[in-house]
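Okay, here's the prediction I keep looking at, along with the sequence it came from:
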Amino acid sequence: MSDFELCPDVRLAVPDDLPGILALMKEACAENSSHPMNELKVLDMCMRHFNKQGAMLAVIGEPGTPVAYCLSIIDQIWYSDDYQLLELSLFVSETHRKSTYAKQLLEFLKTSSESLRLDLTCGVFSNSRTEAKVRLYARKLPQVGAFFCFHPSVAN
């Protein structure tokens, strides 16, 4: 059994995927974030993958038309000299939510973690559609904590 049999649709992003990835990231931000997306910051993070600077961008879909992505980085743990594979975003377009794409991207991350011999750290940070993603992560990964976010009132 090859390492990637559980994620046959996943591939690493190529430059032709970038416009589609940015569109998916805008969709993810609109659905899940309480902060506006800074396209230049997102583009810079994507370019870290293409320039082999400690980021990995996995996608599903034909080259030029991705329908799902996962962005992760190799990052030093803040309190240690050790590094981790840190998932920043995993998103499947709404038209493909009944697929196995999220499971495949998560399996790809786990396989990458094994190959790199780095802990994989993932989180579910979302304003909507959170329950299904939490259930998926709970089935596939050991839970070691939780995220909480307080949004202060903004004075007018």
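Perfect, I can see it now.

Name the helix or strand for A68, please.
Using DSSP states H and E, A68 sits in strand 65-76.

Revised request: answer the last question for I60.
In the assignment (DSSP H and E), I60 maps to strand 55-62.

Look at the residue nearest to G20 when sequence neighbours are not counted and report its pLDDT.
Of all residues not flanking G20 in the chain, P66 sits nearest, at 4.6 Å (C-beta to C-beta, 6 or more residues apart in numbering). All C-beta spots, glycine's among them, are computed from the backbone N, C-alpha and C. We have a pLDDT of 98 for P66.

So L136 is in contact with A102, correct?
Yes - assessed by C-beta atoms under 8 Å, L136 is found in contact with A102 at 5.9 Å.

When the two are compared, which one has more neighbours?
Neighbour totals were compared for L136 and A102, and A102 leads with 21 against 15 (other C-beta atoms under 10 Å).

doesn't K133 make contact with that one?
Yes - applying C-beta under 8 Å, one finds A102 in contact with K133, separated by 7.1 Å.

packing partners for the lowest-mean-pLDDT helix or strand in the chain?
Of the helices and strands making up the chain, the lowest-confidence element is helix 130-140, at a mean of 77, by mean pLDDT, DSSP states H and E. Applying 3 or more C-beta pairs under 8 Å, 6 or more residues apart in numbering; DSSP states H and E, one finds that helix 130-140 makes contact with helix 101-116.

Please identify the buried residues of the helix it packs on?
Y101, A102, Q104, L105, L106, E107, F108, L109, K110, T111, S112, S113 (16 or more other C-beta atoms under 10 Å).

Stretch 52-63 too?
Buried residues in stretch 52-63, counted by 16+ other C-beta under 10 Å: A55, M56, L57, A58, V59, I60, G61.

ditto for stretch 88-103
Neighbour counts over stretch 88-103 (16+ other C-beta under 10 Å) mark L88, S89, L90, F91, V92, S93, Y101, A102 as buried.

how far is it from where the chain is centred?
Computed by C-alpha atoms, centre = their mean, to the nearest Å, the separation of stretch 88-103 from the middle of its chain amounts to 10 Å.

do the same with stretch 76-83
20 Å.

same question, stretch 56-74
Put simply, stretch 56-74 sits 8 Å off its chain's centre (C-alpha atoms, centre = their mean).
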